[in-house]
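J.: take this sequence and fold it.
(one chain, ligands or ions: 1)
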Amino acid sequence: MNGPEIHVDFAPELTVFVPNDRRRGATALVTDGVSTLGHVVESLGVPLTEAGALVVDGRQVPFSHIPAAGESVEVRAVERPQQVPGAPLRFLLDVHLGTLARRLRLLGVDTAYESTDIGDPALSARSAAERRVMLSRDRGLLRRRELWAGAFVYSTRPDDQLRDVLGRFAPELKPWTRCTACNGLLGEATKEQVAHQLEGGTQRSYDVFAQCGDCGRAYWKGAHHDRLEAIVEHALAEFGS
Ligand SMILES: [Zn+2]
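T.: Reported below is the predicted structural model:
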């Protein structure tokens, strides 16, 4: 290319996306003179969901800014907590984030997830239709323009993924109010109402029951309760209001 030369400097949080030779400080880049700065940033590997303010020579510009020769561009990370205006905060997770989906539901965060891969077009259409923030580690999916909003999930470890999402969006936490299987809301239930779902030992041993209003699944303080309780306590200690 033979267009204007600019300098681009990425925030440390974003260097994971860019080529090695652009990870340390400002580097020169020749643009085509017509592409927007948003396009330029994206073409260097950074999903626009992850770009915060774009600052050119000290002044913030929109993604639609067309860079001119000699400009110094600073690409900042998104601010945390990130505000997502226009709808109650709710999420849609791609097929690879099943553990994270169950943990968010455990904490009462509205989280849509399907264990089968419905494909990027269907996912982005659902994000738009239901105004859900799309969470994914797939940069191609996060580039789709239909998305209501999106966020890259930086870690592959569920513990870190949960801290990442809670720290980034600061959702209201209401533990033990949602079905971890289907995202439905839980209501109180008597032992009689859920007896047909319980093994004999469970029936005798436990008295606290809840039931999903959508799928009917019964919940009680059973075998995995201590592990789940630990997840809830850690989340509340760090991110509870
Ligand atoms: Zn359910």
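J.: the nearest residue to Asp94 once chain neighbours are set aside: how many residues sit nearby?
T.: Sequence neighbours aside, Ser136 is the residue nearest to Asp94 in space, at 4.3 Å (criterion: Cβ to Cβ, 6 or more residues apart in numbering). Placement of C-beta: from N, CA and C, glycine included. Burial of Ser136 is recorded as 24 neighbouring residues (other Cβ atoms under 10 Å).
J.: same question, Phe17
T.: Applying other Cβ under 10 Å, I find that Phe17 has 19 neighbouring residues.
J.: helix, strand, or coil at it?
T.: Under DSSP: H, G, I helix; E, B strand; the rest coil, Phe17 falls in the coil class.
J.: and the spatially most central residue of the chain, what helix or strand is that in?
T.: The centroid of the chain falls nearest to Leu135 when counting by Cα atoms, centre = their mean (3.5 Å). In the assignment (DSSP states H and E), Leu135 maps to strand 133-136.
J.: Arg168: which element?
T.: helix 158-169.
J.: quick one: name whatever helix or strand follows that helix.
T.: Next along the chain from helix 158-169, counting by DSSP H and E, comes strand 186-188.
J.: sorry, back to before: now the helix or strand following the strand holding Leu135: how far from the chain's centre is it?
T.: Sequence-wise, the next helix or strand downstream of strand 133-136 (DSSP H and E) is helix 139-142. Distance of helix 139-142 from its chain centroid, counting by Cα atoms, centre = their mean, to the nearest Å, is 12 Å.
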